[in-house]
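Quick one: sequence plus predicted model below, questions after.
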Amino acid sequence: EGSLSMKYTKLERNWVMYDVGNSALVLLNTSVVPIYFNAINTGASSADLVVAWGNAQTIASLVIAMLMPILGALADYAGNKIKFFLGFFLTGLVLCLAQAIPMSAMAFLTVYVLCTIGLNSSMTFYDAMLPDITTDERMDAVSSSGYAWGYIGSTVPFVICLALIMGGPALGIPTMLATRLSFIITGAWWLIFTLPLIRTYKQKYGRERGPEDTIGHIVGGVFSEAVRGTFSELAGTFGKIVKNKPLWMFMIAFFFYIDGVHTVISMATSYGSALGIDSTQLVLALLVTQFVAFPSAIIYGKLAGRVGTLNMILVAVAAYMGIVLFAAFFLKTAFEFWVLAIMVGLFQGGVQALSRSYFGRIIPKEKSNEYYGFFDIFGRYASVMGTFLVSVVTSLTGNPSLGVLSIGVLLVVGFMLLVRLSRMARAAEHAA
């Protein structure tokens, strides 16, 4: 109840609204975009499509993971956060709209990758705004409201786009044109829900600029400094993490299992359309995922209080192992895809939110920014590994089912590490 009935300040509300805005594009990217890409990519085999899509996701994740530490150091200067946020948001927005222009499949994939980089980089600066817009006590609630309202809010423009794509032909709007219009509708929604945050956000925490810190100097200096500084800082943080056994164990487990979770999300539609499932069914099923994820993320948080956060994460990872087996061996028709979508919805929001809060509990609070930087990088690099694994196994075997099954390996490793971690936690409790 807490996170929904809470009275928000204006700034907290505006911050949550950006989640509602950008989640619409995230939803479009995981559902409509792979189908559209398959449609404009004529003459390629289903295995080739899964490989091309997987590679595009991999490149986008790698670029973001490499940019983040450097940009993070720059954005720490007072007043810079909003500039970087705006830069990436506008890049993403222009490229989102550009996807509506008819072009070849490879050109489209390039624009899509650049749009994804803009979107995800803006989200990193958005996350970093959280300490500026709320207090420590309210942070959890505001942060999970972002997730929850993002799930629900993103469905509004999505339903409009779907109605257009499915009902368009009856009104004389061809499906392809309707799909292109959906990029414009989603872009407009993203813009409308971003404006309040841009207008009201003020950066509270930041490093003061000296007179010699001109942009050129900062970029030149920070680039060498930030790269050196960031990497020595990362190395320092890494050193501290390694000394803390439960922490590094959780980090490695997280790296493996979150990878499985992200890969299932990013590859599901591409795999479904490779199996020849009707695109209408694919997209509607993903819409259901969003509606299921809203209450289940909230219920998950409540259960964690009763049963323990780690136990609930274990349940979700076990469920994902089941989901992967199901997808690899039993997923043939639209009905099974619906089952898959509902199962993902039940566990996806919960596992993401609880991983974030469990991590927050086991790290030193005053260093949370530094540690969360690691958390994000782990999450980003992890999604590289999963999509890469699916692409490689699919290429080698020519069988997308085996490609999907390879995700299971990551989940099993993550699960085994979590089990060891919970044994350690229990042993520590007994010793205490």
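Perfect, thanks for sending it.

List the contacts of residue 164.
For residue 164, the contacting residues are 173, 178, 181, 182, 185, by C-beta atoms under 8 Å, 6 or more residues apart in numbering. (Each C-beta comes from the backbone N, C-alpha and C, glycine too.)

Ranking by neighbours, what's the top pick from those?
Top of the contacts of residue 164 by neighbour number is residue 182, holding 24 neighbours under the definition other C-beta atoms under 10 Å.

Look at that residue and tell me its secondary structure.
When classified by DSSP: H, G, I helix; E, B strand; the rest coil, residue 182 comes out as helix.

One more: residue 103?
Taking three-state DSSP, the label given to residue 103 is coil.

do the one 10 residues further on as well
Classification of residue 113 into helix, strand or coil gives helix, according to three-state DSSP.

Helices of the stretch 101-250 of the chain, residue ranges please.
Residue ranges of the helices in the stretch 101-250 of the chain, as given by DSSP state H, counting those that start in this stretch, are 105-128, 130-133, 136-153, 155-167, 175-200, 215-217, 223-243, 245-274.

Give me the mean pLDDT for the fifth one.
Going back to what we said before, that points to helix 175-200. Averaging pLDDT along helix 175-200 gives 86.

what angle sits between that helix and helix 155-167?
When axes from the mean of the first three to the mean of the last three C-alpha atoms, to 10 degrees is applied, the directions of helix 175-200 and helix 155-167 differ by 170 degrees.

Now do the buried residues in helix 175-200.
Neighbour-count burial for helix 175-200, counted by 16 or more other C-beta atoms under 10 Å, picks out 177-183, 185-191, 193-194, 196-197.

circling back: quick check: which of the helices of the stretch 101-250 of the chain has the most neighbours on average?
When the helices of the stretch 101-250 of the chain are scored by mean count of other C-beta atoms under 10 Å, the highest mean neighbour count falls to helix 245-274 (a mean of 23).

What is that helix packed up against?
Under the contact definition 3 or more C-beta pairs under 8 Å, 6 or more residues apart in numbering; DSSP states H and E, helix 245-274 sits against helix 10-40, helix 46-75, helix 223-243, helix 279-307, helix 309-329, helix 334-362, helix 368-397, helix 400-431.

what sits against the closest residue to residue 178 other than its chain neighbours?
Sequence neighbours aside, residue 168 is the residue nearest to residue 178 in space, at 3.6 Å (criterion: C-beta to C-beta, 6 or more residues apart in numbering). By C-beta under 8 Å, 6+ apart, the contact list for residue 168 reads 174, 175, 177, 178.

now residue 168: how far from residue 308?
49 Å (C-beta to C-beta, to the nearest Å).

what does residue 286 give?
Residue 286 sits at a distance of 31 Å from residue 308 (criterion: C-beta to C-beta).

what about the two, which has more around it?
Higher neighbour count among residue 286 and residue 308: residue 286, with 24 against 14, using other C-beta under 10 Å.

Next up, phi/psi of residue 8, please.
phi -90, psi 150 (degrees, to the nearest 10).

sorry, back to before: kindly reformat the contacts of residue 164 as TSV containing distance to residue 397.
Output for those, formatted as TSV (distance: C-beta to C-beta, whole Å):
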residue	distance to residue 397
173	40
178	36
181	38
182	34
185	39
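
which one among the contacts of residue 168 gets closest to residue 125?
Residue 125 lies nearest to residue 178 out of the contacts of residue 168, by C-beta to C-beta, at 32.9 Å.

ok, now which ones touch that closest one?
Here residue 178 is in contact with 161, 164, 165, 168, 169 (C-beta under 8 Å, 6+ apart).

Residue 349 too?
Counting by C-beta under 8 Å, 6+ apart, residue 349 has contacts 147, 148, 151, 293, 294, 296, 297, 300.

what about the first one, distance to residue 127?
Spelled out, it's residue 147. Residue 147 sits 12 Å away from residue 127, going by C-beta to C-beta.

so residue 390 makes contact with residue 52?
No. Residue 390 is beyond contact range of residue 52, at 11.9 Å (criterion: C-beta atoms under 8 Å).

For those two, indicate the residue with more neighbours.
Taking other C-beta under 10 Å, residue 390 and residue 52 do not tie; residue 390 has more neighbours (29 against 19).

any idea of the pLDDT on the more buried one?
78.

ok, and the closest non-adjacent residue to it?
Using C-beta to C-beta, 6+ apart, the closest residue to residue 390 is residue 403 (4.4 Å).

what pLDDT does that neighbour get?
pLDDT for residue 403: 78.

okay, now it: neighbour count?
If you count neighbours by other C-beta under 10 Å, residue 403 ends up with 26.

you'd agree it is up against residue 270?
No. Contact criterion C-beta under 8 Å: residue 403 and residue 270 do not qualify, at 10.3 Å.

what's the overlap in contacts for the two?
residue 50.

Look at the closest residue to residue 413 other than its chain neighbours and report its pLDDT.
Once flanking residues are discounted, residue 413 sits nearest to residue 256: 4.5 Å by C-beta to C-beta, 6+ apart. As summarised for this prediction, residue 256 has a pLDDT of 86.

ditto for the one 4 residues further on
The score at residue 260 is 82. That number is its pLDDT.

what residues are up against it?
Here residue 260 is in contact with 317, 320, 324, 386, 407, 408, 410, 411, 414 (criterion: C-beta under 8 Å, 6+ apart).

now stretch 271-287: how far from the chain's centre is it?
20 Å (C-alpha atoms, centre = their mean, to the nearest Å).

For residue 293, give its distance to residue 344.
Taking C-beta to C-beta, one finds residue 293 at 8 Å from residue 344.

let me fix that: residue 113
With distances taken as C-beta to C-beta, residue 113 is found 24 Å from residue 344.

low-scoring stretches of the stretch 301-432 of the chain, by residue?
301, 305, 360-374, 376-384, 432 (pLDDT under 70).

again, only using 50
Across the stretch 301-432 of the chain, nothing is flagged by pLDDT under 50.

Now render the helices of the stretch 101-250 of the chain as CSV, adding distance to residue 357.
Below are those laid out as CSV (distance: least, C-beta to C-beta, whole Å):
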stretch, distance to residue 357
helix 105-128, 14
helix 130-133, 13
helix 136-153, 6
helix 155-167, 25
helix 175-200, 23
helix 215-217, 37
helix 223-243, 18
helix 245-274, 12
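
The ones you listed: lowest mean pLDDT?
Among the helices of the stretch 101-250 of the chain, helix 215-217 scores lowest, with a mean of 56.

Which of the helices of the stretch 101-250 of the chain sits closest to residue 96?
helix 175-200 (4.4 Å).

and the angle for the closest one with helix 105-128?
Using the same axes, to 10 degrees: helix 175-200 against helix 105-128 is 20 degrees.
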